[in-house]
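Trainee: After the sequence you'll find the predicted model.
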Amino acid sequence: MAVLKYMSGFGNEFSSEDPRCPGSLPDGQNNPQVCPYGLYAEQLSGSAFTCPRPANKRSWFYRILPSVKHKPFTPLPCENLNETWNDVEPDPNQMRWLPFTVPKSTEKKVDFVCGIHTICGAGDAKSRNGIGIHVYTCNTSMVDRCFNNSDGDFLIVPQQGEILITTEFGKMMVEPNEICVIQQGMRFSVDVFGETRGYILEVYGAHFELPDLGPIGANGLANPRDFLCPVAWYEDRTVETGFTIINKYQGKLFACQQDFSPFNVVAWHGNYTPYKYNLENFMVINSVAFDHADPSIFTVLTAKSTRPGVAIADFVIFPLRWGVADHTFRPPYYHRNCMSEFMGLIKGHYEAKEEGFQPGGASLHSMMIPHGPDADCFEKNSVAELKPERVAEGTMAFMFESSFSMAVTKWGLETCQRLDKSYYQCWETLRSHFNPNWKPSK
């Protein structure tokens, strides 16, 4: 396959046309009476028309046939992708999952949509306020099928296997240690190249944006220039057997049929696009004197709530960096948090729990539930020589942090059979070091 091309920037006003049809973008207007090449003009709105200009999101497509040409939607059974938060009783315990099982292609063919399983979440897609956290495990490409999420945005984190995502805007290849965002309403299909696994953060009611930098200044964390969006690509393909459009709507799946490929956009322009980002490009801010900075300094993207400074969800990473803090316990501190913390591991070993927390697995520390380094980590780092060291070499852990108190699904608690019920034991051997006769050294 030819090397894919991209355009650089976050939230820019982009324009692109397939080089096979030069001049396919209308000149000077969005909706001419007759579009070049006999195309149809179609707008995709990602915000209300009257949103303030900095928050107004929309793109214009120039396509061979409009997306409205399809048969009626009908319900599509789906047990594993859902928002049924009340099926099981609440469980406040710290939770850890072993790596989620990827189905063998020799046993059952599973594509991206069929392989999505909801682990936890909260809120409601109907009221446009909430979050869903999913894992995907699949082994075959989507053929004459695409997915469309009417409920919210997908932030996709591949962990095992690269994925080729075809969208109405063009194609993106996304590898482990990269992420991509497919925003609400964008149709896409996923090709895989073997047994594939990853994580998905879904948010209802807000789009992801770059965090404010405050006193950090103009540069740092995820820089806008490192985000990439696809260039226009189209196929003019009739599908006699039917092309299936799968739509997630109000937490349920529906499907409809049409006789042509939806990836028939010859040209487009706008600021509402899918995009990808390589986590290696993150410019790390860290403590260079003493103490452990809060993990918010590692925020890549945030989906803001209506409360200032409080996120529906933050996407946070723990990348390679230098640890140089003096007279400091350098691993993450013990913590009880008014936010919920879901963690995953793309590769390597997470510094606070080098055993048990494995790539392709996950953990959930719910609202106000204690968590922190295991006993081995505490003992080792309480006496470690504090010299400059590379932290997270060969490792990439991440966190989906949310202001919602998340419920775990029946699949996450029982059906997946990956919940590590011995997780609590990693803290059982913590012992008291209290010495009532302690005196400060002179």
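Mentor: Cool, got the structure.

Trainee: who are the neighbours in contact with the residue nearest to E351 when sequence neighbours are not counted?
Mentor: Leaving out its chain neighbours, the residue that sits closest to E351 by C-beta to C-beta, 6 or more residues apart in numbering is P331, at 5.4 Å. Quick note: C-beta positions are derived from backbone N, CA and C, even for glycine. By C-beta atoms under 8 Å, 6 or more residues apart in numbering, the contact set of P331 is 292, 351-352, 373, 377-378, 381.

Trainee: can you pick the most crowded of those?
Mentor: Neighbour counts for the contacts of P331 peak at P373, which has 24 neighbours (criterion: other C-beta atoms under 10 Å).

Trainee: Tell me the helices and strands packed up against the strand or helix carrying A397.
Mentor: Using DSSP states H and E, A397 sits in strand 396-402. Applying 3 or more C-beta pairs under 8 Å, 6 or more residues apart in numbering; DSSP states H and E, one finds that strand 396-402 contacts strand 129-138, strand 196-204, strand 311-318, strand 340-347.

Trainee: List the buried residues for the longest one?
Mentor: Taking 16 or more other C-beta atoms under 10 Å as the basis for neighbour counts, the residues of strand 129-138 that come out buried are 129-138.

Trainee: how about the strands of the stretch 151-300 of the chain, start to end?
Mentor: Taking DSSP state E, counting those that start in this stretch, the strands of the stretch 151-300 of the chain run over residues 153-160, 163-167, 170-174, 178-182, 188-192, 196-204, 228-230, 238-249, 252-260, 265-270, 275-278, 299-304.

Trainee: I'd like the ones you listed written out as TSV, with mean neighbour count added.
Mentor: Listed next are the strands of the stretch 151-300 of the chain as TSV, based on neighbours: other C-beta atoms under 10 Å:
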stretch	mean neighbour count
strand 153-160	23
strand 163-167	21
strand 170-174	21
strand 178-182	24
strand 188-192	23
strand 196-204	26
strand 228-230	24
strand 238-249	16
strand 252-260	17
strand 265-270	24
strand 275-278	20
strand 299-304	22
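
Trainee: now those as JSON lines including distance to C120 and mean pLDDT?
Mentor: Putting the strands of the stretch 151-300 of the chain into JSON lines (distance: least, C-beta to C-beta, whole Å; pLDDT from 0 to 100) gives the following:
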{"stretch": "strand 153-160", "distance to C120": "15", "mean pLDDT": "98"}
{"stretch": "strand 163-167", "distance to C120": "23", "mean pLDDT": "98"}
{"stretch": "strand 170-174", "distance to C120": "23", "mean pLDDT": "98"}
{"stretch": "strand 178-182", "distance to C120": "19", "mean pLDDT": "98"}
{"stretch": "strand 188-192", "distance to C120": "22", "mean pLDDT": "98"}
{"stretch": "strand 196-204", "distance to C120": "11", "mean pLDDT": "98"}
{"stretch": "strand 228-230", "distance to C120": "30", "mean pLDDT": "98"}
{"stretch": "strand 238-249", "distance to C120": "17", "mean pLDDT": "97"}
{"stretch": "strand 252-260", "distance to C120": "18", "mean pLDDT": "97"}
{"stretch": "strand 265-270", "distance to C120": "33", "mean pLDDT": "98"}
{"stretch": "strand 275-278", "distance to C120": "24", "mean pLDDT": "98"}
{"stretch": "strand 299-304", "distance to C120": "16", "mean pLDDT": "97"}
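
Trainee: Poorly predicted segments of this protein, please.
Mentor: 1, 352-354 (pLDDT under 70).

Trainee: Quickly list what the spatially most central residue of it is bridged to.
Mentor: When C-alpha atoms, centre = their mean is applied to the chain, the residue found nearest the centroid is L155 (2.5 Å). L155 forms beta bridges with V181, L201, as assigned by DSSP bridges.

Trainee: Contacts for the longest helix belonging to the chain next, please.
Mentor: Of all segments of type helix in the chain, defined using DSSP state H, the longest is helix 375-382. Residues from elsewhere that reach helix 375-382 (C-beta under 8 Å, 6+ apart): 329-331, 351-355, 373, 426-431.

Trainee: so N281 touches D226, yeah?
Mentor: Yes. At 4.2 Å, N281 counts as touching D226 under the criterion of C-beta atoms under 8 Å.

Trainee: Those two: which is more packed in?
Mentor: Neighbour count, other C-beta under 10 Å: between N281 and D226, D226 has more, with 17 against 14.

Trainee: check contacts around that one.
Mentor: With C-beta under 8 Å, 6+ apart, D226 has these contacts: 8, 277-278, 281.

Trainee: 10 Å - rerun?
Mentor: By C-beta atoms under 10 Å, 6 or more residues apart in numbering, the contact list for D226 reads 8-10, 276-283.

Trainee: got these as TSV, with distance to G242 columns?
Mentor: Shown next, in TSV, are those (distance: C-beta to C-beta, whole Å):
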residue	distance to G242
S8	37
G9	37
F10	37
K276	30
Y277	35
N278	37
L279	38
E280	41
N281	41
F282	43
M283	47
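
Trainee: from those, which is closest to S340?
Mentor: L279 (21.9 Å; C-beta to C-beta).

Trainee: Now do the closest one: how many residues are near it, please.
Mentor: Going by other C-beta under 10 Å, the residues that sit close to L279 add up to 20.

Trainee: Go ahead and confirm it touches V174.
Mentor: No. At 11.3 Å, L279 does not count as touching V174 under the criterion of C-beta atoms under 10 Å.

Trainee: Check the gap between L386 and E393 for me.
Mentor: As judged by C-beta to C-beta, to the nearest Å, L386 and E393 stand 17 Å apart.

Trainee: Now do the contacts for the nearest residue to I119 once chain neighbours are set aside.
Mentor: Nearest non-adjacent residue to I119, counting by C-beta to C-beta, 6+ apart: G412, 4.2 Å away. Applying C-beta under 10 Å, 6+ apart to G412 gives the contacts 88, 91, 95, 97, 100, 117-121, 133-135, 362, 364, 406, 418-419.

Trainee: Quick check: neighbours shared by L279 and V174?
Mentor: V157.

Trainee: Can you list the strands that the helix or strand following the strand holding A397 pairs with?
Mentor: With elements assigned by DSSP H and E, the helix or strand that comes after strand 396-402 is strand 407-408. According to DSSP bridges, strand 407-408 has the following sheet partners: strand 116-124 (antiparallel).

Trainee: Contacts only, for the nearest residue to P72 once chain neighbours are set aside.
Mentor: Nearest residue to P72 in three dimensions, chain neighbours excluded: C256, at 6.3 Å (C-beta to C-beta, 6+ apart). C256 is in contact with 70-74, 76, 148, 242-247, counting by C-beta under 10 Å, 6+ apart.
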